[in-house]
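Visitor: Sequence and predicted structure below; questions after.
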Amino acid sequence: MAFYRCPYILRTGEVCNRGCYHPDGCYVYRSSPIRIPCKEYGCSELNRSKYGYCDLYARKHRKKKQYQQKKLEKMAQNGSEKAF
């Protein structure tokens, strides 16, 4: 069994460098979600959002989804009223 050093980069910019027996890193960071840069042009903030945008730009996508859900609920409610 080989001995490895954890390659995970901390928020401070330093490498974790803990000793471990797994090539992917130590038990703390091995299963942590991957942070990707924001999709918005000119923004390089790292995030874990399901939209791929940082908090500043993800808001419009969350609002759009919320609007669509309300619209579908209203359509379903109007459809059930017409059935009676």
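Guide: All right, it came through fine.

Visitor: quick one, strands of this protein?
Guide: 4-5, 19-20, 36-37, 46-47 (DSSP state E).

Visitor: Most tightly packed of those?
Guide: strand 46-47 (a mean of 16; mean count of other C-beta atoms under 10 Å). For glycine as for every other residue, the C-beta is placed from the backbone atoms N, C-alpha and C.

Visitor: Direction included, what does the lowest-mean-pLDDT helix or strand in the chain pair against?
Guide: Lowest on mean pLDDT, DSSP states H and E among the helices and strands of the chain sits strand 46-47, with a mean of 82. For strand 46-47, the paired strands and their directions (DSSP bridges) are strand 36-37 (antiparallel).

Visitor: which one of the strands of the chain lies closest to residue 69?
Guide: Checking the strands of the chain against residue 69 by C-beta to C-beta gives strand 46-47 as the closest, at 22.5 Å.

Visitor: List the contacts of that closest one.
Guide: The contact list for strand 46-47 (C-beta atoms under 8 Å, 6 or more residues apart in numbering) reads 35-38, 53-55, 58.

Visitor: Swap in 10 Å and give it another go.
Guide: Residues external to strand 46-47 that are found in contact with it (C-beta atoms under 10 Å, 6 or more residues apart in numbering): 11, 33-39, 53-58.

Visitor: What subset of those is buried?
Guide: 38, 53-54, 57-58 (16 or more other C-beta atoms under 10 Å).

Visitor: In a markdown table: those, plus pLDDT.
Guide: What follows is the buried ones among the contacts of strand 46-47, written out as a markdown table (pLDDT from 0 to 100):
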| residue | pLDDT |
| --- | --- |
| 38 | 88 |
| 53 | 87 |
| 54 | 87 |
| 57 | 85 |
| 58 | 86 |
